[in-house]
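Asks: Next input, structure requested:
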Amino acid sequence: MKDEIDYNSKEEELFDNWAKYLGVTRNEFVPDGLLFHGDLTFDGANWVREESGNNSANWSQSHRRLLIITRDQPCDDGNTWDVRGETPLAPDGHSFKKIQMMKCLIPWAYAALLYDNDKGMCPNDEISKIDFWLAAPIARMNCGKVAGNRVKDGGCPRNKVVSYLEESKSFILQQIELYDANILLCCSGYDKASNPIVDFIKENYLFDLKQINNYVWFSSSTNKIVIDSYHFSNRKINNENAIMCEAQYIRDSILEAKQKGYTIDC
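Replies: Numbering: from 1, shown residues only. Here you go, the predicted structure:
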């Protein structure tokens, strides 16, 4: 367990400096990070959380802490939202919001955080999925902090991710270091090229990172796990079966690393 830190205040201080560096206002800057745990509010279109609630305490007190790193916030109309307040609730207030991002991230996060769960893979029922996401110790961060137009072919170009990592290197590193997560899920993998987010972590954060199998990288000095996974727009992840197969690969790969004798501190 970690000493309790006010992560929300530290995020805001970091984002103020980051926005100035990028030359944008805070209204243009897309905040992300430790998922909010405040009350649910309906904003007229979505169920969101506008208050941080007990997220700092929950994070500090959790033995396993998952940081999900993705590309950016696609935006066609210029409207942005606080990633920390997103929820998987549909407008009806009780069913699952069936968007590709949530369809992927919830079972993958479940597989990463609860890889040794006796109940196995992520449950199929919507209520269990929603409840898990709303309470789990999860932080979400994008490499790009200014919303951009959707990629027309639905893909996730490597060069765009690399440009974000290069442009905001010191700020991205500060945000990763702030959370000190012991499981990092990097959702920007490609079929042939290496995952640029994993490369960034290896070169700037976990210098002893070693590849254990196709999905898991491990740092012996910190006992941190880095998971190399796809972005959810990847054509390989286009149906429910493929999404759940990816979750199974994540879970099995962590268990394999543990069976090989790697001391996983989570």
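Asks: Okay, now the unreliable bits of the chain?
Replies: The model of the chain has pLDDT under 70 over residues 1-3, 76-78, 148-156, 190-191, 233-235, 265-266.
Asks: In it, where's the longest helix?
Replies: Counting residues, the longest helix in the chain under DSSP state H turns out to be helix 240-259.
Asks: From what I see, Glu28 and Cys75 are in contact.
Replies: No: counting by C-beta atoms under 8 Å, Glu28 does not reach Cys75; the two are 10.5 Å apart. Just so you know, the C-beta spots here come from the backbone N, C-alpha and C atoms, and that holds for glycine as well.
Asks: Find residues that contact each of the two.
Replies: Jointly contacting Glu28 and Cys75 under the rule C-beta atoms under 8 Å, 6 or more residues apart in numbering are Ala147.
Asks: And the strands in this protein?
Replies: Secondary structure of the chain (DSSP state E): strands at 33-34, 40-42, 47-49, 66-70, 138-142, 183-189, 210-211, 216-219, 224-230.
Asks: Please tabulate these in JSON lines and include mean neighbour count as additional columns.
Replies: Shown next, in JSON lines, are those (neighbours: other C-beta atoms under 10 Å):
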{"stretch": "strand 33-34", "mean neighbour count": "24"}
{"stretch": "strand 40-42", "mean neighbour count": "13"}
{"stretch": "strand 47-49", "mean neighbour count": "19"}
{"stretch": "strand 66-70", "mean neighbour count": "25"}
{"stretch": "strand 138-142", "mean neighbour count": "23"}
{"stretch": "strand 183-189", "mean neighbour count": "24"}
{"stretch": "strand 210-211", "mean neighbour count": "14"}
{"stretch": "strand 216-219", "mean neighbour count": "23"}
{"stretch": "strand 224-230", "mean neighbour count": "25"}
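Asks: Nearest to Ser56, out of these?
Replies: Judged by C-beta to C-beta, the one of the strands of the chain that comes nearest to Ser56 is strand 33-34, at 6.9 Å.
Asks: gap between the closest residue to Ala193 other than its chain neighbours and Lys103?
Replies: Spatial nearest neighbour of Ala193, excluding adjacent residues (C-beta to C-beta, 6 or more residues apart in numbering): Arg158 at 5.7 Å. From Arg158 across to Lys103, the span is 23 Å (C-beta to C-beta, to the nearest Å).
Asks: go on, Leu173?
Replies: Taking C-beta to C-beta, one finds Leu173 at 30 Å from Lys103.
Asks: Could you check which of these two is surrounded by more residues?
Replies: Relative neighbour count places Lys103 above the other of Leu173 and Lys103, with 20 against 15, counting by other C-beta atoms under 10 Å.
Asks: Now do the contacts for the more buried one.
Replies: Counting by C-beta under 8 Å, 6+ apart, Lys103 touches Phe232, Glu240, Ile243.
Asks: Show the buried residues in the residues you listed.
Replies: Burial of those was assessed by neighbour count (16 or more other C-beta atoms under 10 Å); the buried members are Phe232, Ile243.
Asks: Tell me the one among the contacts of Lys103 nearest to Ala111.
Replies: Ile243 (10.6 Å).
Asks: so what's the closest one closest to, chain neighbours aside?
Replies: Cys104 (5.4 Å).
Asks: what residues are up against the one you found?
Replies: Cys187, Phe232, Ile237, Ile243, Glu246 are the contacts of Cys104 under C-beta under 8 Å, 6+ apart.
Asks: same question, Phe132
Replies: Phe132 makes contact with Ile106, Ala109, Tyr110, Cys122 under the criterion C-beta under 8 Å, 6+ apart.
Asks: of all these, which two lie farthest apart?
Replies: Across those (C-beta to C-beta), the longest gap, 8.5 Å, separates Ala109 and Cys122.
Asks: hmm, back to that, let me know whether the residue nearest to Ala193 touches Pro196 as I believe.
Replies: Yes: when contacts are counted by C-beta under 8 Å, Arg158 is listed as touching Pro196 (5.9 Å).
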